[in-house]
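Q: how would this look folded up:
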Amino acid sequence: MQVTQDVILDLLPLYIADEVSPDTRALVVEFLARHPELAEHVRQQTLAQTLAQGVSRDAALPATLEVRALRRLRRMLALREWTLGLAWFFTALSLGLEVSARPGGGREFHLMLMRYPVAFVPLLLAAIGFWIGHIMLRTRASAKPHGH
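A: Numbering: from 1, shown residues only. Okay, here's the model as predicted:
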């Protein structure tokens, strides 16, 4: 039996979708080697389908995309660590105690709020801001689906 262009055209959708047996693939490849204009058409169709799917046959994701995702994840984790650390730092400063020795022995304890009210408010606001930022980063990260 002679393989005609009509037979190859019938097989092309399966060939492009990579759903043919190795024998059929060899038959189509051999025919396309003898017909360069049809081979070019098949190459364009395969490229169009690959672009439409957003995935190549050889690799699920380009390496550069994986590297960018890893860098973005590292930046987000570093930002979360910094916001948590700064939130604790400013919380400790604003709620801190001043300890001083009394003449004749003993110690006095003063809350930052009582001793330095002008410095207390900005420190407390900074602490609150970093806590809100940290919570928002954690919420945003946990709200994203794991597959995306």
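
Q: Now for residue 43, how many residues are close by?
A: Burial of residue 43 is recorded as 12 neighbouring residues (other Cβ atoms under 10 Å). (Glycine included, C-beta is placed from N, CA and C.)

Q: Show me what counts as buried in whichever strand or helix holds it.
A: Assessed by DSSP states H and E, residue 43 sits inside helix 36-53. Across helix 36-53, burial judged by 16 or more other Cβ atoms under 10 Å covers 38, 42, 46.

Q: From those residues, which shows the smallest pLDDT?
A: The lowest pLDDT within these belongs to residue 46, with 75.

Q: so where's this structure shaky on pLDDT?
A: Low-confidence segments of the chain (pLDDT under 70): 1, 50-63, 143-148.

Q: residue ranges of the helices in this structure, please?
A: Assigned by DSSP state H, the chain shows helices spanning 5-16, 22-34, 36-53, 63-94, 112-115, 117-143.

Q: Can I get these in a markdown table including distance to residue 105?
A: Formatted as a markdown table, those follow (distance: least, Cβ to Cβ, whole Å):
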| stretch | distance to residue 105 |
| --- | --- |
| helix 5-16 | 91 |
| helix 22-34 | 94 |
| helix 36-53 | 80 |
| helix 63-94 | 28 |
| helix 112-115 | 21 |
| helix 117-143 | 29 |
